[in-house]
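Q: Make a model of this:
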Amino acid sequence: MALKVRMILPIGKSNSSTNLRGFTLIELLLVLILLGVVLGMSVSAFSRGNAYELKQFSRQLLIDFRVAQTAAINRNATVRFAFDRSNHSYMINVVSQPEALLLKRSMSSKIALVSSVDVIDFFPDGSSGQAQITAVCGEIQYSINNKMHRFQWVVENGDTQENL
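A: Numbers count the residues shown, from 1 in each chain. Got it, this is the predicted structure:
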């Protein structure tokens, strides 16, 4: 079944040929090629969307580490940052007052966390327990290491590294 297109001419112009014509093979191939390019760009954009979501999550996690560290200093008490893997979330509370929940945040189900510990304690002097945490989404991963009691994000994607 061929599609037929009727040419509409401006008023006053006459068309000596009243033949109706369909699309040529070249026109159809060009449309298919353009659709392929657009589809390829959308898949690439989707991959970048996951990378963006992972980077945003990583930055928020780093901010929340700073919140826990600041709360420990300001309250002159040990503050605990705990991952709840079953509920895919994490929370911050004061160790001496477990009911004093300072923050609870859910994580995206697309992001997997690999951690050397489930709990990081922040102390009144600003220091913290040792931890290495890796957030993974697809082939991209972000690793957090607290060297010298300072958290540092290192983006590891193949051979490249970028500090946040």
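Q: Mind telling me which residue is nearest the centre of the protein?
A: residue 53 (1.4 Å; Cα atoms, centre = their mean).
Q: show me where this protein has strands.
A: In chain order, the chain shows strands spanning 79-84, 89-94, 97-106, 112-115, 119-122, 132-137, 140-147, 150-157, 160-163, with DSSP state E as the criterion.
Q: quick one: the first one to strand 89-94, angle?
A: I take that to be strand 79-84. With axes from the mean of the first three to the mean of the last three Cα atoms, to 10 degrees applied, the angle from strand 79-84 to strand 89-94 works out at 160 degrees.
Q: Would you indicate which residues of strand 79-84 are buried?
A: Under the neighbour-count criterion of 16 or more other Cβ atoms under 10 Å, strand 79-84 has 79, 80, 81, 82, 83 buried. For every residue, glycine as well, the C-beta is placed using N, CA and C.
Q: can the residues you listed go into CSV with extra columns for distance to residue 145 and pLDDT?
A: Below are those laid out as CSV (distance: Cβ to Cβ, whole Å; pLDDT from 0 to 100):
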residue, distance to residue 145, pLDDT
79, 20, 93
80, 19, 92
81, 15, 90
82, 19, 90
83, 16, 88
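Q: burial measure for residue 119, as a count.
A: The number of residues packed near residue 119 is 12, by other Cβ atoms under 10 Å.
Q: Show me the shaky parts of the protein.
A: By pLDDT under 70, the weakly predicted segments of the chain are 1-21, 43-49, 147-164.
Q: still on that earlier bit, point out the one among the strands of the chain that comes closest to residue 60.
A: strand 97-106 (7.5 Å; Cβ to Cβ).
Q: residues of the closest one that come out buried?
A: For strand 97-106, by 16+ other Cβ under 10 Å, it's residue 102.
Q: same for that strand, what does it pack against?
A: When contacts are defined as 3 or more Cβ pairs under 8 Å, 6 or more residues apart in numbering; DSSP states H and E, strand 97-106 packs onto helix 25-75, strand 89-94.
Q: Serialize these to CSV and add fields for distance to residue 119.
A: Output for the helices and strands packed on strand 97-106, formatted as CSV (distance: least, Cβ to Cβ, whole Å):
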stretch, distance to residue 119
helix 25-75, 11
strand 89-94, 10
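Q: And these: which comes nearest residue 101?
A: strand 89-94 (5.0 Å).
Q: So which elements touch that closest one?
A: helix 25-75, strand 79-84, strand 97-106.
Q: Packed most tightly, which of those would that be?
A: strand 79-84 (a mean of 20; mean count of other Cβ atoms under 10 Å).
Q: residues making contact with that strand?
A: With contact meaning Cβ atoms under 8 Å, 6 or more residues apart in numbering, strand 79-84 is reached by 64-65, 68-69, 71-72, 89-95, 102, 113, 115, 118-122.
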